[in-house]
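*Asks:* compute the structure for the input listed below.
(2 chains)
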Amino acid sequence: MDVQEATAEGTATADNGEIKRDGRKQFSMGPGDILEGKLIYDGSVHADGRVEGEVRVTGNIDVASGATVKALLEGGNVTLKGQVEGMVTARDKLTLGKNARLSGDIQVRRLQIDDGATLNGHVRMGDFEHQASGQ
Amino acid sequence: MSTRRPASRAATPVPAESGSNGSNGERNSVVLGPRDRLVGQLYIEGDLRVAGTVEGNLEATGDIEIAGAGKVNGDVTAYNRLTVGSDASLIAGDVRVARLTVEDGATFSGKVSMGKHQAKAAAPQPQIVSEPKPQPLAETPPQPPEPVAVQVAEPPALEVVVTPPHKSRLSVSEALNPKVVGAPQQKSKVAAAPPPKPIQQKGKRR
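*Replies:* Here you go, the predicted structure:
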């Protein structure tokens, strides 16, 4: 009986990836979590573990330092600290942390690359007003 | 452009004109001030700091910094680090750097390729000598006992035909002193081993 209760709690916390913070939803992944497919989310995403596919959010995307992402990412503020392979669109600002490794084309309005980050890809900078409204 | 006046140009410090390339024994550093303008290509063995306007390609063996309100429109290659300041602008086709820092607020676009450029220059350096040594030394010890028995019975001429070139030297010395077979044999092996090495190395490389 004790074991069953423990597993039930485990699945409950896994489903609790959705956390409300400041009235805005946040989808939060842990280091052991895996997301494969397409996620369109009205809120922010904290990505950790492994992500493959496509992630489009109205809020911000935050990729943790230990994460491995092979996906198209689109968000307002996008902060990368881990390893990312794929196209990245930041409607506002893209930040590459010192341990970030990004391989893919990026489209941003503002860009910050910290010393130590690795970037291979094409950078386009400009406003996104027409694209943001087309979501 | 009204900013291009001789008077203002003289007031701007431009080490590129006065400082010779690496004569101090220190790393060369070139600065293009805020009122300086370059149209064309620039290659610097050392560091480059751009606070003015550049239309063309830049290449530096050290760091490149686009600082202040500097604007660069062209390809940029920095063997070490490229820094784009918060008010600076880089509109490039290709950006090839080892390290990259872009401050928030900077204008930056282009195709970025990151990796170490030093790998190309340091590549062709083959390692010499050490590898071939163990092979002849390992092969020789088990083989000598057979020719020793033959040498005593048959004339030296046959030995030269049968055995490999480095062993024929051994057999000649043994044939001259047939009584002392055991002890001097091993000494002569060590002495005879080095000459064939360069021949084998040349054969392998070509």
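
*Asks:* so which residues on chain B come close to chain A?
*Replies:* Within chain B, the residues that sit near chain A (C-beta under 8 Å from any C-beta of the partner chain) are B:81, B:99-114. (Glycine included, C-beta is placed from N, CA and C.)

*Asks:* got a PyMOL select line for the buried ones in those?
*Replies:* The buried residues among the residues of chain B next to chain A can be selected in PyMOL (16 or more other C-beta atoms under 10 Å in any protein chain shown) with this line:
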select buried, chain B and resi 81+99+100+101+102+103+106+107+108+109+110+112+114
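
*Asks:* select from the residues of chain B next to chain A every entry located in strands.
*Replies:* Using DSSP state E, the members of the residues of chain B next to chain A that fall within strands are B:81, B:99-102, B:107-114.

*Asks:* surely residue A:107 is in contact with residue A:127?
*Replies:* No: counting by C-beta atoms under 8 Å, residue A:107 does not reach residue A:127; the two are 10.6 Å apart.

*Asks:* between the two, who's got more neighbours?
*Replies:* residue A:107 (19 against 9; other C-beta atoms under 10 Å in any protein chain shown).

*Asks:* in contact with the more buried one, which residues?
*Replies:* By C-beta atoms under 8 Å, 6 or more residues apart in numbering or on different chains, the contact set of residue A:107 is A:87, A:88, A:89, A:90, A:124, A:125, A:126, A:128.

*Asks:* endpoints of stretch B:43-52, how far apart?
*Replies:* Using C-alpha to C-alpha, to the nearest Å, the end-to-end distance of stretch B:43-52 comes to 16 Å.

*Asks:* what do you get for stretch B:72-92?
*Replies:* 8 Å.

*Asks:* for that stretch, give the mean pLDDT please.
*Replies:* Mean per-residue pLDDT for stretch B:72-92: 95.

*Asks:* mind checking which helix or strand residue A:122 is in?
*Replies:* For residue A:122, the enclosing helix or strand under DSSP states H and E is strand A:118-125.

*Asks:* ok, residues contacting that strand?
*Replies:* Outside strand A:118-125, the residues that touch it by C-beta under 8 Å, 6+ apart are A:96, A:100-111, A:113, B:100, B:107-114.

*Asks:* what are the pairing partners of it, and which direction each?
*Replies:* strand A:101-103 (parallel), strand A:106-113 (parallel), strand B:107-114 (antiparallel) (DSSP bridges).

*Asks:* what about the residue lying closest to residue B:43 once chain neighbours are set aside, neighbour count?
*Replies:* Leaving aside its chain neighbours, residue B:43 sits nearest to residue B:59 (4.8 Å; criterion: C-beta to C-beta, 6 or more residues apart in numbering or on different chains). Look at residue B:59: counted by other C-beta under 10 Å, it has 18 neighbours.

*Asks:* okay, now the sheet partners of the helix or strand hosting residue B:59, with direction.
*Replies:* Assigned by DSSP H and E, residue B:59 falls within strand B:58-60. With DSSP bridges as the test, strand B:58-60 is paired with strand B:42-44 (parallel), strand B:76-84 (parallel).
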